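Peer 1: Model the structure of this input:
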Amino acid sequence: MRRWIIRFAASLLTVSLLVGVTGGWWALEQTQHVPEFYTRATRSLPSSTAEASQHLQQEVEQLQSDAGRVGSWNATFSDDQINSWLIEELPNKFPRLLASGASEPRIVIEENRLLAAVRYKNHRIDTVISCELSVELTEQPNMLALRVHHLKAGALPLPLSKFLKGISQEAAKGGVDIRWDETETGPIALVTVPSEHPRYVRAPVIVESIDLKDGNLVLAGHTGPLAHESYRPLGPVYQFVSYRPSENRNSQDSRLSAKRPSSSGKNLR
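Peer 2: Here you go, the predicted model:
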């Protein structure tokens, strides 16, 4: 799970980076805008990012240990810890992102949303790519519905639909499976968290809640042979629109999906 969390974080950064590399047509004055939350996140960094990063890694290791035992588990990560980890570890773990022109990623976690941004610079442009993310569980165990709002280069809005294929391809390189659910309000990324892995001491590992609130990412779940059958998502559940679980997935999940009426996307907010 630790490796998946790191890869997932890198994939979110890649979403922003892929937008940046298309650049030529942006109006320069609009791209120079720096989001307020990006400045705020930089100013609130801990005095020792190395210590905060180390603390995050210890928390991730503890989560890995807890999720390796049968029963319930939970963990909390602060946005200051995550930003510190990005500063300290990103250059070593993901040099390809930096070589492509990305630097200084920052996040801010607020109630029910995560604000993410990364500075992008090449020989033509120097801007901050930003977006707003919200996440819900789905009726399919360990499939998260991730909505990307307000994708921008500086103050200039960018169409997410133009980058779906590239985002999926880049995420796949990091071992993250992303599919897309087309809704009236735009595409929703469906991200699968692996429930079984050779590194897991016990399996399956099922996520039952994921909350974004007051500067913290809070995860909770259950591990063990009955985790799939007892799966009861805590909090809002996203209803699939165009996506349907394949026949080779859990048959119970497929039946549940078939009973759900098509959604207009109003449940995404």
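Peer 1: For the rest of this, base every contact and every neighbour count on C-alpha atoms.
Peer 2: Will do.
Peer 1: Please enumerate the helices of the stretch 1-150 of the chain.
Peer 2: With DSSP state H, counting those that start in this stretch, the ranges of helices along the stretch 1-150 of the chain come out as 2-20, 28-31, 36-43, 49-67, 79-93, 95-99.
Peer 1: Turn the ones you listed into a markdown table, columns for mean neighbour count.
Peer 2: Compiled in a markdown table, the helices of the stretch 1-150 of the chain are given as follows (neighbours: other CA atoms under 10 Å):
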| stretch | mean neighbour count |
| --- | --- |
| helix 2-20 | 19 |
| helix 28-31 | 15 |
| helix 36-43 | 14 |
| helix 49-67 | 18 |
| helix 79-93 | 19 |
| helix 95-99 | 14 |
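Peer 1: could you check the distance from the residue nearest to residue 211 when sequence neighbours are not counted over to residue 77?
Peer 2: Using CA to CA, 6 or more residues apart in numbering and skipping residues adjacent in sequence, the residue nearest residue 211 is residue 218, 5.1 Å away. Residue 218 sits 7 Å away from residue 77, going by CA to CA, to the nearest Å.
Peer 1: higher neighbour count, the two?
Peer 2: residue 77 (18 against 15; other CA atoms under 10 Å).
Peer 1: Break down the stretch 151-269 of the chain into its helices, ranges please.
Peer 2: Using DSSP H, counting those that start in this stretch, helices in the stretch 151-269 of the chain cover 164-173, 251-259.
Peer 1: ok, of those, where does mean pLDDT dip lowest?
Peer 2: Lowest mean pLDDT within these: helix 251-259, a mean of 38.
Peer 1: Show the low-confidence segments of the stretch 51-200 of the chain, by residue range.
Peer 2: Nowhere does the stretch 51-200 of the chain drop to pLDDT under 70.
Peer 1: roughly how far apart are the residue of the chain most remote from its centre and residue 126?
Peer 2: No residue in the chain sits farther from the centre than residue 29, which is 29.5 Å out by CA atoms, centre = their mean. Distance, residue 29 to residue 126, by CA to CA: 11 Å.
Peer 1: And residue 34, by the same measure?
Peer 2: 11 Å.
Peer 1: hang on, the earlier thing: mind checking which of the helices of the stretch 1-150 of the chain is nearest residue 237?
Peer 2: helix 2-20 (20.6 Å; CA to CA).
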